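Novice: What shape does this take:
(chains A and B)
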2 protein chains.
Amino acid sequence: MVSWNQVTVVGVGLIGGSLGLALKERGLTRAVVGIGHRETSLAAARRAGAADRTTLDVAEGVRGSDLVVLATPVGLFRSLLEQAAPALEPGAVVIDVGSTKARVVAECEALMPDGRVFLGCHPIAGSEQRGVSFARADLFDGATCVVTPTDRTPEDVLSRVHAMWQAVGMTVRTVSPGEHDRLLAEVSHLPHVAASVLVAAISDAAETLVGPGWADTTRVASGDARLWRDILVSNTSEVARALAGAAGRLDAFRRALERGDAERVEALLAEAKARRDRLTQEKGPR
Amino acid sequence: MVSWNQVTVVGVGLIGGSLGLALKERGLTRAVVGIGHRETSLAAARRAGAADRTTLDVAEGVRGSDLVVLATPVGLFRSLLEQAAPALEPGAVVIDVGSTKARVVAECEALMPDGRVFLGCHPIAGSEQRGVSFARADLFDGATCVVTPTDRTPEDVLSRVHAMWQAVGMTVRTVSPGEHDRLLAEVSHLPHVAASVLVAAISDAAETLVGPGWADTTRVASGDARLWRDILVSNTSEVARALAGAAGRLDAFRRALERGDAERVEALLAEAKARRDRLTQEKGPR
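Specialist: As a prediction, this is how the structure comes out:
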């Protein structure tokens, strides 16, 4: 079963490289072309087996491909698509793997020449490590991919991309770009900001008292600052809404405490515990 | 080196049981007496080797001991001390292992008969599991114990208790009861409430999108709700202050985002990352 004739991956890092490996391992494409902006990373991608051939030239790299995957930071998409557009084959599909969608999808759809289709994708996998040296064919196995079609997305393109993510092991969820950004603000962007705030909240005298619980709660705050700045900035309105909501919940909790409403405090804690235990399907108290 | 002639542990659960095991294993006492309110748990404590003999009678249990350790929920301390007081030996030292200190220390000091001394202690270890079946002699190894003397604490009592916690493997930090509660609100109580709030903050549609990062950030919210209610309620003013501070920081972050100040957003993220990396001494991005 060959899904694609040739796939071009722009940015052969952890995600792009893993997708190249997974597509080749499962026979989902005849060839993978890697595009990058440094010959050394492209050489690493070839050595890792994530690309069959590579090039620094975007137009040359997309020629002959029926699928192009944007796997660079989202800030580079516009310039890449402007270079790629004249060389995109008729019927070519362009997808991305970025962490926010509304702004990206609107921008990229507008840059597509007639007869070429952009479809936003967000495989939620392996975002902590970086670089092709961490790439592996099973990175997507068991994780979720959010695909964000619009009214400009042809049914058959959605089906092919959907099938590809399933073929590399993912559960696919289809929502609008705006809905994606709202949901990700809740499960990922808000927790990231909260973790940063918790790190900033301790006084110097408390530094030696941090334990395993604190380390768990703040772990995501050790993510790359520039990468996360880009994610948060590109999803400003939904993140702002989530932050305001969380601040309101902290205030409600504080007021319950201050009026001595132990019953309400326990109910808030018990509801959160029950929901988390259900979502993480953990058996014990951790 | 025998530090104590006889130690009574009131509440032989995870912490109390582990202390009994540690004191015996390291030869820091001649005997450990366990007090509980159910014969079955006391039998389990004897089988685990955490106590040499046990009793349901508080006065009988403290007789002959030069150290009494309160290892029950803090809400029971008053009633336990009222029962114990008439039977406490002259010169006996009473310590606790509770998670908050200002209110507890004031209350317990007031209940001490002349010639007996209360000293607040908080060994920060193993709070997630419960019960003597999880007790182990090395539970305290490498962790920190906060000891909270007041102007009523004799120097020699502080020294003996300090030496005991060190002997079971702990780094000892000495601060006032009020300072303890302020610091613990920052590193433990605030993160707990924040984790609960993050669980409550996601909409039903986002439930299937939670990943490993979310699970880390919210892990402590799966702690026992009643236990945490008691901790938070007994430290109301410091927790409320920390919650208000965190809500303010979330708002400041939101405002930076909303005014498009990407530089400020990145600076906040980078500062938190640098501090967390330093405190957890992690090498990689996690």
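Novice: Is chain B within reach of the helix or strand where residue A:226 lies?
Specialist: For residue A:226, the host element (DSSP states H and E) is helix A:225-233. Yes. Helix A:225-233 lies within reach of chain B by C-beta under 8 Å from any C-beta of the partner chain, at A:225, A:226, A:228, A:229, A:232, A:233. (Each C-beta comes from the backbone N, C-alpha and C, glycine too.)
Novice: mind checking pLDDT for the closest residue to the fourth one other than its chain neighbours?
Specialist: In space, residue A:229 comes closest to residue B:266 once its chain neighbours are excluded; the distance is 4.0 Å by C-beta to C-beta, 6 or more residues apart in numbering or on different chains. In this prediction, residue B:266 carries a pLDDT score of 98.
Novice: chain center to the helix holding residue A:226: distance?
Specialist: 12 Å (C-alpha atoms, centre = their mean, to the nearest Å).
Novice: Who are the packing partners of it?
Specialist: helix A:190-201, helix B:262-280 (3 or more C-beta pairs under 8 Å, 6 or more residues apart in numbering or on different chains; DSSP states H and E).
Novice: residues making contact with the shortest one?
Specialist: With C-beta atoms under 8 Å, 6 or more residues apart in numbering or on different chains as the contact definition, helix A:190-201 has outside contacts at A:214, A:217-221, A:223, A:228, A:231-232, A:239, A:242-243, A:246, B:186, B:190-191, B:194, B:197-198, B:201, B:213-214, B:217-218, B:242, B:245-246, B:249-250, B:253, B:268-269, B:271-273, B:275-276, B:279.
Novice: so where is chain A shaky, pLDDT-wise?
Specialist: Scanning chain A for pLDDT under 70 picks out the ranges A:1-2, A:127-128, A:282-286.
Novice: What sits closest to the residue nearest the centre of it if chain neighbours are left out?
Specialist: Nearest to the mean C-alpha position of chain A, by C-alpha atoms, centre = their mean, lies residue A:99 at 3.5 Å. Leaving out its chain neighbours, the residue that sits closest to residue A:99 by C-beta to C-beta, 6+ apart is residue A:231, at 4.8 Å.
Novice: Kindly report the same for residue A:180.
Specialist: Counting by C-beta to C-beta, 6+ apart, the residue nearest residue A:180 is residue A:101, at 4.4 Å.
Novice: Could you report the neighbour count for the one you found?
Specialist: 27 (other C-beta atoms under 10 Å in any protein chain shown).
Novice: Count the residues that sit near residue A:86.
Specialist: Neighbours around residue A:86, by other C-beta under 10 Å: 10.
Novice: Of the contacts of helix A:190-201, just the buried ones, PyMOL syntax please.
Specialist: In PyMOL syntax, the buried subset of those is picked out as below (16 or more other C-beta atoms under 10 Å in any protein chain shown):
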select buried, (chain A and resi 214+217+218+219+220+221+223+228+231+232+239+242+243+246) or (chain B and resi 186+190+191+194+197+198+201+213+214+217+218+242+245+246+249+250+253+268+269+272+273+275+276+279)
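Novice: Now find how far off-centre the helix or strand hosting residue A:145 is within its chain.
Specialist: Here residue A:145, judged by DSSP H and E, is contained in strand A:144-148. Centroid separation for strand A:144-148 versus its chain: 9 Å, with C-alpha atoms, centre = their mean.
Novice: what's it packed up against?
Specialist: strand A:117-124, helix A:155-167, strand A:171-174, helix A:177-184.
Novice: what sits against the nearest residue to residue A:164 once chain neighbours are set aside?
Specialist: Excluding the flanking residues, the one nearest residue A:164 by C-beta to C-beta, 6+ apart is residue A:3, at 5.6 Å. Residue A:3 makes contact with A:28, A:29, A:160, A:163, A:164, A:167, according to C-beta under 8 Å, 6+ apart.
Novice: State the distance from the fourth one to chain B.
Specialist: In other words, residue A:163. Separation of residue A:163 from chain B (C-beta to the nearest C-beta, to the nearest Å): 20 Å.
Novice: Also the second one?
Specialist: Distance of residue A:29 to chain B, given as C-beta to the nearest C-beta: 27 Å.
Novice: next one: the fifth one
Specialist: As defined by C-beta to the nearest C-beta, residue A:164 lies at a distance of 20 Å from chain B.
Novice: Quick check, residue A:224 in contact with residue A:129.
Specialist: No. The pair residue A:224 and residue A:129 does not pass the contact test of C-beta atoms under 8 Å, sitting 10.4 Å apart.
Novice: ok so, going back, ok, so of the residues of helix A:225-233 next to chain B, who is nearest residue B:156?
Specialist: Proximity of the residues of helix A:225-233 next to chain B to residue B:156 (C-beta to C-beta) peaks at residue A:225, which lies at 50.4 Å.
Novice: buried set for the strand holding residue A:145?
Specialist: Under 16+ other C-beta under 10 Å, the buried positions of strand A:144-148 are A:144, A:145, A:146, A:147, A:148.
Novice: With distance to residue B:53 added, can I get those in CSV?
Specialist: Below are the buried residues of strand A:144-148 laid out as CSV (distance: C-beta to C-beta, whole Å):
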residue, distance to residue B:53
A:144, 56
A:145, 61
A:146, 61
A:147, 66
A:148, 67
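Novice: which residues touch the closest residue to residue A:235 other than its chain neighbours?
Specialist: Excluding the flanking residues, the one nearest residue A:235 by C-beta to C-beta, 6+ apart is residue A:100, at 4.3 Å. By C-beta under 8 Å, 6+ apart, the residues touching residue A:100 are A:74, A:180, A:181, A:184, A:231, A:234, A:235.
Novice: Spell out the secondary structure type for residue A:100.
Specialist: Classification of residue A:100 by DSSP: H, G, I helix; E, B strand; the rest coil places it in coil.
Novice: Could you measure from it over to residue A:255?
Specialist: 33 Å (C-beta to C-beta, to the nearest Å).
Novice: need the helices for the stretch 1-150 of chain A, in chain order.
Specialist: A:14-25, A:39-48, A:58-62, A:77-84, A:102-111 (DSSP state H, counting those that start in this stretch).
Novice: Name the nearest residue to residue A:45, sequence neighbours excluded.
Specialist: Using C-beta to C-beta, 6+ apart, the nearest residue to residue A:45 is residue A:12, at 3.8 Å.
Novice: try residue A:33
Specialist: residue A:8 (4.5 Å).
Novice: State the distance from the one you found to chain B.
Specialist: 28 Å.
Novice: show me the residues around that residue that make contact.
Specialist: A:32, A:33, A:34, A:35, A:61, A:62, A:65, A:67, A:68, A:69.
Novice: redo that, cut-off 10 Å
Specialist: Counting by C-beta atoms under 10 Å, 6 or more residues apart in numbering or on different chains, residue A:8 touches A:16, A:20, A:29, A:31-35, A:51, A:55, A:58, A:60-70, A:84, A:88, A:92, A:94.
Novice: Buried by neighbour count, from the residues you listed: which ones?
Specialist: A:16, A:20, A:29, A:31-35, A:51, A:55, A:58, A:61-63, A:65-70, A:84, A:88, A:92, A:94.
Novice: What is the neighbour count of residue A:169?
Specialist: Neighbours of residue A:169 using other C-beta under 10 Å come to 17.
Novice: Now do the SS call for it.
Specialist: Criterion first, three-state DSSP; result for residue A:169: coil.
Novice: That one reaches residue A:143, doesn't it?
Specialist: Yes. Using C-beta atoms under 10 Å, residue A:169 makes contact with residue A:143 at a distance of 7.5 Å.
Novice: Please enumerate the shared neighbours of these two.
Specialist: Applying C-beta under 10 Å, 6+ apart, one finds that residue A:169 and residue A:143 are jointly contacted by residue A:125.
Novice: Which residue, neighbours along the chain excluded, lies closest to residue A:141?
Specialist: residue A:169 (3.6 Å).
Novice: Could you identify the most distant pair in the contacts of residue A:3?
Specialist: The largest separation in the contacts of residue A:3, counting by C-beta to C-beta, is between A:29 and A:163 at 12.8 Å.
Novice: All good on my end, thank you.
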